[in-house]
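**Student:** can you look at this prediction? I've put the sequence above it.
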Amino acid sequence: MHTQDVASKKSSTASKWLIGCGIGCGVVILLMVILGVSGYVFVKNIVKGFEETEAITDALTERYGEIKDFCPDPGGAIKPERLEAFLSVRNSTKPVKEALESSISILSDEEGERQFREESSPGVLTKIKTGFGIIPLIAEFYTKRNQALLDAEMGLGEYYYIYIVSYYSWLGKSPSDGLEYNLVDEDEEDRGVYWRRRRSENLEDRKDDVLKQLHRQILPMMQNQFAGLTGVDVSPIKDPWREMLATEIEAMEADRFRLPWQDGLPDVLEESLRPFRGRLEASYSKILNALEMALE
């Protein structure tokens, strides 16, 4: 395959990631036009960034297996050293996260927040300049996060398990967190592009899609956890914990939109998370949640 063909494929992949993360088709179309005008050198740099990301992701998968292969501690708790590792990974991406949040805010041009800050709307040139950098920033985010996972000896499965249980099931964050505004194309009225608030049904659709994706990944983890109880002494919580886990798995098997422990965490799990509550809250990014949840 020629290098230009590879570049085209990689830029197509990047555009799908952008759409999936809620940045919007209009922005992606604008970026693709920019890429076409800017030429081969810029695309080549993007390709290199995503190739590095994919190489590190492949290394993670080879070492720790697929996301759904992860087996949480059969005893139910998350050990303090694993939560420390999780938070160290999140802290390691702080600079690129801040740059991404700023770039996404410029591209989304959220009117309500802008009026609150009494700031003017970013101009077209500002958005174009930001658009040039957004795809490399996304590649850098995944690269740094996944390299930090390798350094912390943590697989993607364990990372996502802690993310989902901590932020969604315990702290009550929404799986559909992300942009509230979207850039769309109004070709039929020949008005170019404009900004509008997402319709509530679109937000619900996005939430349903994310929940189904989460469900496909985390239910096998919990089934692995239950299987791991065989022959493992987790007394004095062995019998009640086994029953609670079996009941939760049955509930999730009956509802593909159900989050794990959405009716309340078992004591053994909540007690392990409680000392880290403040740091977990501080490490969450509503804007970047959609990027984090690019599970597939």
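**Tutor:** Perfect, I can see it now.

**Student:** correct me, but residue 80 touches residue 272?
**Tutor:** Yes - taking CB atoms under 8 Å as the contact criterion, residue 80 and residue 272 are neighbours in contact, 7.4 Å apart. Where C-beta positions appear, they are placed from N, C-alpha and C, glycine not excepted.

**Student:** and those two? which has more neighbours close in?
**Tutor:** residue 272 (20 against 11; other CB atoms under 10 Å).

**Student:** spell out the residue ranges of the helices in the chain.
**Tutor:** Per DSSP state H, the chain has helices spanning 3-20, 25-38, 40-64, 80-92, 94-108, 111-117, 124-151, 156-163, 200-228, 238-254, 267-273, 277-283, 289-292. These are given in chain order.

**Student:** mean confidence for the longest one?
**Tutor:** Think helix 200-228. pLDDT averaged over helix 200-228 equals 83, rounded to a whole number.

**Student:** same question for the last one.
**Tutor:** For helix 289-292, the per-residue pLDDT values average out at 86.

**Student:** what do you get for the second one?
**Tutor:** Predicted confidence along helix 25-38 averages 50 (mean pLDDT).

**Student:** do the fifth one as well
**Tutor:** Confidence for helix 94-108, expressed as mean pLDDT, is 81.

**Student:** only alpha carbons, please: show that helix as PDB.
**Tutor:** Output in PDB follows, covering the C-alpha atoms of helix 94-108 (Å, rounded to 0.1, in the frame of the first residue of the first chain):
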ATOM      1  CA  LYS A  94      -3.100  16.300  32.300                       C
ATOM      2  CA  PRO A  95      -1.300  18.700  29.900                       C
ATOM      3  CA  VAL A  96      -2.700  17.200  26.700                       C
ATOM      4  CA  LYS A  97      -6.100  16.900  28.300                       C
ATOM      5  CA  GLU A  98      -6.100  20.600  29.100                       C
ATOM      6  CA  ALA A  99      -5.100  21.400  25.500                       C
ATOM      7  CA  LEU A 100      -7.800  19.100  24.100                       C
ATOM      8  CA  GLU A 101     -10.500  20.600  26.400                       C
ATOM      9  CA  SER A 102      -9.500  24.100  25.200                       C
ATOM     10  CA  SER A 103      -9.500  23.100  21.500                       C
ATOM     11  CA  ILE A 104     -12.800  21.300  21.800                       C
ATOM     12  CA  SER A 105     -14.400  24.300  23.600                       C
ATOM     13  CA  ILE A 106     -13.200  26.600  20.700                       C
ATOM     14  CA  LEU A 107     -14.600  24.200  18.100                       C
ATOM     15  CA  SER A 108     -17.900  23.700  19.900                       C
END
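
**Student:** many thanks, we can stop here.
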